[in-house]
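Undergrad: please work out how this folds:
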Amino acid sequence: MAAQHDADDNLSAVDLFSGCGGMSLGFQNAGYDVEAAFDNWKPAIEVYRANFDHPIYQQDLSDVDAAVEAIEDYCPTVIFGGPPCQDFSTAGHQDENGGRAVLSVAFARIVTTVRSEWFVMENVATIKNTKSFKTVCKLFRDAGYGLTCRVLNAAYCGVPQTRKRMFIIGGLGESEGFLDSRLEARLAEKPMTIRDYLGNSLGIENYFRVPTNYSRRGVFSIDEPSMTIRAIDRPVPPGYKGNPKDSAPVSETRVLTPKERSYIQTFPRDFEFFGGKSDINTMIGNAVPVNLAYYVASALADYINAESEVQ
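TA: Model (predicted):
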């Protein structure tokens, strides 16, 4: 039997592994009452605190018992978050023994102990090939959650960026795949370009993004989705001489600034980033795009409210 929820109630939520707040802002924009956030990285905590009215706590979320004790005080209807994913990322070595993979399992143990009615967990698409993915799904199912596991490309979800992410969405007593149709129905027919989202506000037609190797293109047009925003900020290297697939001569381009990259992550212009340059780039590059979080949060809220109306 599905968990019951009054459609008139606020969907109270907490954010785990909150980073600088991309998921929190998306859920907040979708009408959720985000009551608190938890993270263990101080630079991101300070940025989060400056941009939200609700509290954020420095918490080692790998200590499941302590985390549960702190989170239970809020009695959240929904727990959402994106455990650090570097050990699963194609940008790294895809080593799930690197230390961060345990945080996905910690997220699952926290959710299944607190027993929120619903949860949303975000990670890189390649997590689906790991033992950790199988472990967390088993933990959720054994605790009574029905799951929707879906890889979404942000470019079809209101974000001007090609960024594929896995979402594991669960509801107590729900059937498997319960949210699939709502997620599918909302997808755009074509990917969003930078110009679609930002118009001509950047003042450029093309930009440079350092390729992983020089056999790949480095110059891109704003009339296509951005490549995945990464946690690095490098100038145009003198060794890059161009690529046949470049959209313009490299000499006529520049790299995007961190603030511009935050726009492509769909953070609003008044969202305040501060701290060391490396920290800012890491926050922006590792964030869940605000509009992608909104896309998933809205689909879940509509499902919850529709279920409440028929009960």
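
Undergrad: okay, now the unreliable bits of the chain?
TA: Per-residue confidence for the chain (pLDDT under 70) gives these ranges: 1-9, 85-101, 310-311.

Undergrad: the same query, at a cut-off of 50, please.
TA: 1-8, 87-100 (pLDDT under 50).

Undergrad: please, where are all the helices along it?
TA: Under the criterion DSSP state H, helices of the chain are mapped to 22-29, 42-51, 64-72, 101-114, 131-142, 180-185, 194-198, 258-264, 277-286, 290-310.

Undergrad: select, out of these, the one closest to residue 157.
TA: Among the helices of the chain, helix 290-310 comes nearest to residue 157, with 4.0 Å by Cβ to Cβ. Any C-beta I mention is one placed from the backbone N, CA and C, and that applies to glycine too.

Undergrad: list the buried ones in that closest one?
TA: Within helix 290-310, the residues that qualify as buried are 290-301, 303-305, 307, counting by 16 or more other Cβ atoms under 10 Å.

Undergrad: what's in contact with that helix?
TA: 2, 4-7, 11, 22-27, 29-32, 78, 80, 118, 120, 122, 152, 154, 157-159, 163, 165, 167, 169, 178-179, 182-183, 186, 265-268 (Cβ atoms under 8 Å, 6 or more residues apart in numbering).

Undergrad: and what of stretch 120-132?
TA: Under Cβ under 8 Å, 6+ apart, the answer for stretch 120-132 is 23, 78-83, 85, 88-90, 94, 96, 101-102, 104-105, 107-108, 111, 133, 136, 149, 151, 164-170, 288, 293, 296-297, 300.

Undergrad: buried among the residues you listed? Make that a PyMOL selection.
TA: In PyMOL syntax, the buried subset of these is picked out as below (16+ other Cβ under 10 Å):
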select buried, resi 23+78+79+80+81+82+83+85+88+89+94+96+101+102+104+105+107+108+111+133+136+149+165+166+167+168+169+170+288+293+296+297+300
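
Undergrad: so among the contacts of helix 290-310, which ones count as buried?
TA: Here, 16+ other Cβ under 10 Å leaves 2, 5, 11, 22-27, 30, 32, 78, 80, 118, 120, 122, 152, 154, 157-159, 163, 165, 167, 169, 178-179, 182-183, 186, 265-267 buried among the contacts of helix 290-310.

Undergrad: which ones among those residues lie within strands?
TA: Applying DSSP state E to the buried ones among the contacts of helix 290-310, the entries found in strands are 78, 80, 118, 120, 122, 152, 165, 167, 169.

Undergrad: of all these, which comes closest to residue 64?
TA: Nearest to residue 64 among these: residue 80, at 17.1 Å, using Cβ to Cβ.

Undergrad: name the nearest residue to the closest one, sequence neighbours excluded.
TA: residue 120 (4.1 Å; Cβ to Cβ, 6 or more residues apart in numbering).

Undergrad: cool, residue 247 as well?
TA: Leaving aside its sequence neighbours, residue 247 sits nearest to residue 221 (Cβ to Cβ, 6+ apart; 4.0 Å).

Undergrad: same deal with residue 31?
TA: residue 301 (6.1 Å).

Undergrad: how much space between the one you found and residue 77?
TA: Separation of residue 301 from residue 77 (Cβ to Cβ, to the nearest Å): 10 Å.
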